[in-house]
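**Student:** When you get a sec, could you give me coordinates for this:
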Amino acid sequence: MKFLRLGFLTLACSSFCFAVNKDLVQLQRDLEAKIDAMQQNLGSKIDVMNGMLQAIQNDSRRTADQIATLQDALNNTVSRSLAPVQGLNNKVDGMGEEVRSLRDTLADLSARLERMDAKITDLKNQMQIIQNPPPAPGAAPTTGAPNGAPGQPTSQGPPQGMSADRSYTDAVRDLQTGKTDLAFTEFQQYLTYFPNTELAANAQYYIGEITYNRGDYNGAIQAFDAVLERYPENPKTPDAHYMKAMALLKSNQRNRAVQEFRVLVENYPRTDDAHKAQAQLRALGVAAATSPGSTAKRKQSQAPPQ
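**Tutor:** Residues are numbered from 1 along each chain as shown. Below is the predicted model of the structure:
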């Protein structure tokens, strides 16, 4: 009886296990089918995404090509637009070189004219010496006037070997190299022997300038007055007006300085000295001009020689 029950139980368990195994196999198959479907779906989506990425890359390349084309066109347009400007710059540079060359030529011509004037003066002096032989040895020549005023020419003319060209050149060189005392004496000698040359006004002006720099403002006023009185119309006239006004200002003669500044501004309005005089008048807190019609006729600016 026991064996019968055991057999029956074994048969029942076998049937149950068979049924369970069958369900597991079916579940495994269903799961594999779902996995295959998911893989296929995922592959399709990946293919779609790859296609979209490829399209985006193609669009990016086309956009980059279009941008490069636009940049090239823009660069070409800018280059064509700037070409006339560059040509104009080259022309301006060329004109600047021509102006500098012309300025150098004019300066050289001015220097040659000055040397020619000095040589003409030397010839006149030599003719004067020939016509009027020098007195016996021991006669004292006339010296320059005090306070930097120009002296009078001696009766026998300049000493042997002395020329206007060399005297003026030496005096200017010594002034530029700081030998002011020697330059002062040389300018006085120049005025003593060559008071009527074109450069005499320059020499007188430099005497006033040296005197001003020494702090002798009253002496400087007299020296600049000599320029204005003896050589009233020359390139150094505006400079002499300005320096005289500065000397008056330094010597506490404010009203006279203001008057001199105004004369400079109204008679030579286009000069650098006039602009400096206007600045001085503004610093003093006074007007640049007096009442209309109270001053002399306005004059054109004159560039002082070197």
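
**Student:** show me where pLDDT drops low in the stretch 101-250 of the chain?
**Tutor:** By pLDDT under 70, the weakly predicted segments of the stretch 101-250 of the chain are 107-108, 110-112, 114-115, 117-156.

**Student:** Nearest residue to the middle of the chain?
**Tutor:** G96 (13.9 Å; C-alpha atoms, centre = their mean).

**Student:** tell me the pLDDT at it?
**Tutor:** According to the model's per-residue confidence, G96 sits at a pLDDT of 75.

**Student:** For it, pull up the helix or strand it's in.
**Tutor:** Under the criterion DSSP states H and E, the helix or strand holding G96 is helix 2-131.

**Student:** My guess is K244 contacts E260. True?
**Tutor:** Yes: if you go by C-beta atoms under 8 Å, K244 and E260 touch, sitting 5.6 Å apart. Any C-beta I mention is one placed from the backbone N, CA and C, and that applies to glycine too.

**Student:** how close does V78 sit to D23?
**Tutor:** Between V78 and D23 the distance, using C-beta to C-beta, to the nearest Å, works out to 81 Å.

**Student:** Please name the spatially closest residue to Q189 (chain neighbours excluded).
**Tutor:** Residue nearest to Q189 in three dimensions, not counting chain neighbours: S167, with 6.5 Å by C-beta to C-beta, 6 or more residues apart in numbering.

**Student:** what's the distance between that neighbour and V48?
**Tutor:** 105 Å.

**Student:** Comparing these two, which shows the higher neighbour count?
**Tutor:** Under the neighbour definition other C-beta atoms under 10 Å, S167 and V48 were set side by side, and S167 has more, 23 against 10.

**Student:** Confirm for me that the more buried one is in contact with Y193.
**Tutor:** Yes: taking C-beta under 8 Å as the definition, S167 is a contact partner of Y193 at 7.5 Å.

**Student:** who touches both of these two?
**Tutor:** Counting by C-beta atoms under 8 Å, 6 or more residues apart in numbering, the shared contacts of S167 and Y193 are P158.

**Student:** Pull out the buried positions in the helix or strand containing E266.
**Tutor:** When secondary structure is defined using DSSP H and E, the element that contains E266 is helix 254-267. Across helix 254-267, burial judged by 16 or more other C-beta atoms under 10 Å covers A257, V258, E260, F261, R262, V263, L264, V265, E266, N267.

**Student:** Closest one of the residues you listed to L88?
**Tutor:** Set against L88, the nearest of those by C-beta to C-beta is V265 (37.8 Å).

**Student:** Test my guess that the closest one contacts Q278.
**Tutor:** Yes: with contact defined as C-beta under 8 Å, V265 and Q278 form a contacting pair (5.8 Å).

**Student:** Now stretch 180-191: buried residues?
**Tutor:** Counting neighbours by 16+ other C-beta under 10 Å, one finds that the buried residues in stretch 180-191 are T180, A183, F184, E186, F187, Q188, Q189, Y190, L191.

**Student:** Out of those residues, which sit inside helices?
**Tutor:** Among those, the subset assigned to helices under DSSP state H consists of T180, A183, F184, E186, F187, Q188, Q189, Y190, L191.

**Student:** which ones are touching the second one?
**Tutor:** With contacts defined as C-beta under 8 Å, 6+ apart, the neighbours of A183 are A171, V172, D174, L175, Y206, I210.

**Student:** which of the ones in helices among the buried residues of stretch 180-191 lies closest to R282?
**Tutor:** The shortest gap between R282 and any of these belongs to T180, at 31.5 Å (C-beta to C-beta).

**Student:** tell me the contacts of that closest one?
**Tutor:** Residues in contact with T180, defined by C-beta under 8 Å, 6+ apart, are D174, I210, N213, R214.

**Student:** out of those, who's nearest D36?
**Tutor:** Here the nearest of the contacts of T180 to D36, counting by C-beta to C-beta, is N213; it sits at 110.4 Å.

**Student:** if we can go back for a sec, where's the residue nearest to Q189, which helix or strand?
**Tutor:** Using DSSP H and E, the secondary-structure element containing S167 is helix 164-176.

**Student:** Just the CA trace of that helix, in CSV.
**Tutor:** C-alpha atoms of helix 164-176 as CSV (Å, rounded to 0.1, in the frame of the first residue of the first chain):
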residue,chain,number,x,y,z
ALA,A,164,81.5,139.2,-42.6
ASP,A,165,80.7,135.7,-43.5
ARG,A,166,83.4,134.1,-41.3
SER,A,167,82.7,136.5,-38.4
TYR,A,168,79.0,135.8,-38.3
THR,A,169,79.4,132.0,-38.7
ASP,A,170,82.0,131.9,-35.9
ALA,A,171,79.7,133.9,-33.6
VAL,A,172,76.7,131.7,-34.2
ARG,A,173,78.8,128.5,-33.8
ASP,A,174,80.2,129.8,-30.4
LEU,A,175,76.6,130.7,-29.3
GLN,A,176,75.3,127.3,-30.2
